[in-house]
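Student: sequence and predicted structure below; questions after.
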Amino acid sequence: MARHNIFQGMGVALITPFDASGNVDEKSLRQLLAFHILEGTDFLCILGTTAETPCLTPAEKETIKRIAVEEVGGKIPLLLGCGGNNTAAVVEYLQQTDLTGYAGVLIVTPYYNKPSQEGLYQHFVAVAQASPLPVVLYNVPGRTGVNLEAKTTLRIAHDCENVVAIKEASGRIEQIEEIIRLAPEGFEVLSGDDAITFELMTIGAAGVISVIGNAYPKEFTQMIHAAKHGQWSESLALHRRFSPLYPLMTVDGNPAGVKSLLAIQGKITNHLRLPLVPATETTASKLRQADENFYG
């Protein structure tokens with residue numbers, strides 16, 4: 001069977017809203033999911049980095065996982081973040097967890113351990129063999145401390161037919177272009193960095209797993225779709241509208257920026273879990289102005 005990646009276009013790494021007591025705000029979560037369906041988001045990544053997943057309990061993760069399936073109801077694909085730095089634990093999770101309602105799993109490179117390229121290869125092969133769903137690799141060396149090199153990504157892609165894509169957040173354009181150029185048929189690259197997504201689309205990326213798309217799903221989807229249809233002037237114009245917002249997403253850490261923006265837009269209350277804290281008032285003021293200008 002030919003490899004096929006359904007995670008294309010504008011995907012969103014969904015945030016986890018919390019209430020003033022620090023609990024998962026299930027009402028706001030359901031409203032956010034409905035918002036993305038209405039605004040045309042192509043797919044959603046549940047329990048990724050932007051969801052503050054390391055600070056969620058197993059019970060909370062299961063609740064969020066269930067609510068996403070209930071609210072989305074198969075209208076768009078769901079990608080579940082479930083990577084880790086213990087290969088055996090990831091394999092066990094994939095073998096024993098009910099993944100009904102999900103179309104794929106996002107598996108981050110093991111963090112803190114800093115494995116070699118051979119270790120990374122063997123980790124992803126073991127995960128791919130255990131996974132009942134298509135696998136999307138996730139390379140984010142700024143967080144994990146290790147870079148999944150192009151040759152290793154391509155080796156995994158050639159050897160594991162159920163590995164369908166990689167979310168590339170290394171920022172290394174030459175590396176990403178090498179993957180796109182030499183990838184086996186059906187294996188695709190998704191941008192993991194909003195600020196360079198337009199550039200990556202020009203060299204053949206299939207889409208993005210976005211942070212800023214939490215707040216502007218309609219417009220960021222328009223940017224991605226225009227690029228996919230070769231409407232480069234329209235896509236570039238939208239990219240430039242977003243340019244003042246890109247650095248504000250990360251200046252105080254992710255998801256502090258986008259949560260502050262969503263709070264400004266009235267979609268959530270601005271609460272994070274330690275060790276993460278809300279964006280500074282200076283950043284929030286800049287976000288208010290940028291949001292006004294975006295729609296102005």
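Tutor: Arrived safely. These numbers were taken from a predicted model, which means no experiment stands behind them.
Student: average pLDDT for the host helix or strand of residue 155, rounded please.
Tutor: Assigned by DSSP states H and E, residue 155 belongs to helix 150-159. Across helix 150-159, pLDDT averages out at 98.
Student: mind listing what's buried along stretch 122-133?
Tutor: 123-125, 127-128, 130-131, 133 (16 or more other CB atoms under 10 Å). Using the backbone N, CA and C atoms, a C-beta is placed for each residue, glycine as well.
Student: list the contacts of the helix holding residue 155.
Tutor: 117, 120-121, 124-125, 128, 137, 139, 163, 166, 175-176, 178-179, 182-184, 187 (CB atoms under 8 Å, 6 or more residues apart in numbering).
Student: which residues of the stretch 101-250 of the chain fall in strands?
Tutor: Secondary structure of the stretch 101-250 of the chain (DSSP state E, counting those that start in this stretch): strands at 104-108, 135-139, 163-168, 188-191, 207-210.
Student: which ones are touching residue 284?
Tutor: By CB under 8 Å, 6+ apart, the neighbours of residue 284 are 260, 264, 278.
Student: one more time with 6 Å
Tutor: Listed by CB atoms under 6 Å, 6 or more residues apart in numbering, the contact set of residue 284 reads residue 260.
Student: in PDB, list the C-alpha atoms belonging to the one helix or strand it maps to.
Tutor: Here residue 284, judged by DSSP H and E, is contained in helix 281-295. In PDB, the C-alpha atoms belonging to helix 281-295 read as follows (Å, rounded to 0.1, in the frame of the first residue of the first chain):
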ATOM      1  CA  GLU A 281       2.800  42.900  30.600                       C
ATOM      2  CA  THR A 282       5.300  44.500  28.200                       C
ATOM      3  CA  THR A 283       4.700  41.500  25.800                       C
ATOM      4  CA  ALA A 284       1.000  41.600  26.500                       C
ATOM      5  CA  SER A 285       0.800  45.200  25.500                       C
ATOM      6  CA  LYS A 286       2.700  44.600  22.300                       C
ATOM      7  CA  LEU A 287       0.300  41.700  21.600                       C
ATOM      8  CA  ARG A 288      -2.700  43.900  22.100                       C
ATOM      9  CA  GLN A 289      -1.400  46.400  19.600                       C
ATOM     10  CA  ALA A 290      -0.400  43.700  17.100                       C
ATOM     11  CA  ASP A 291      -3.800  42.100  17.300                       C
ATOM     12  CA  GLU A 292      -5.500  45.500  16.800                       C
ATOM     13  CA  ASN A 293      -3.300  46.200  13.800                       C
ATOM     14  CA  PHE A 294      -3.800  42.700  12.400                       C
ATOM     15  CA  TYR A 295      -7.500  43.400  12.000                       C
END
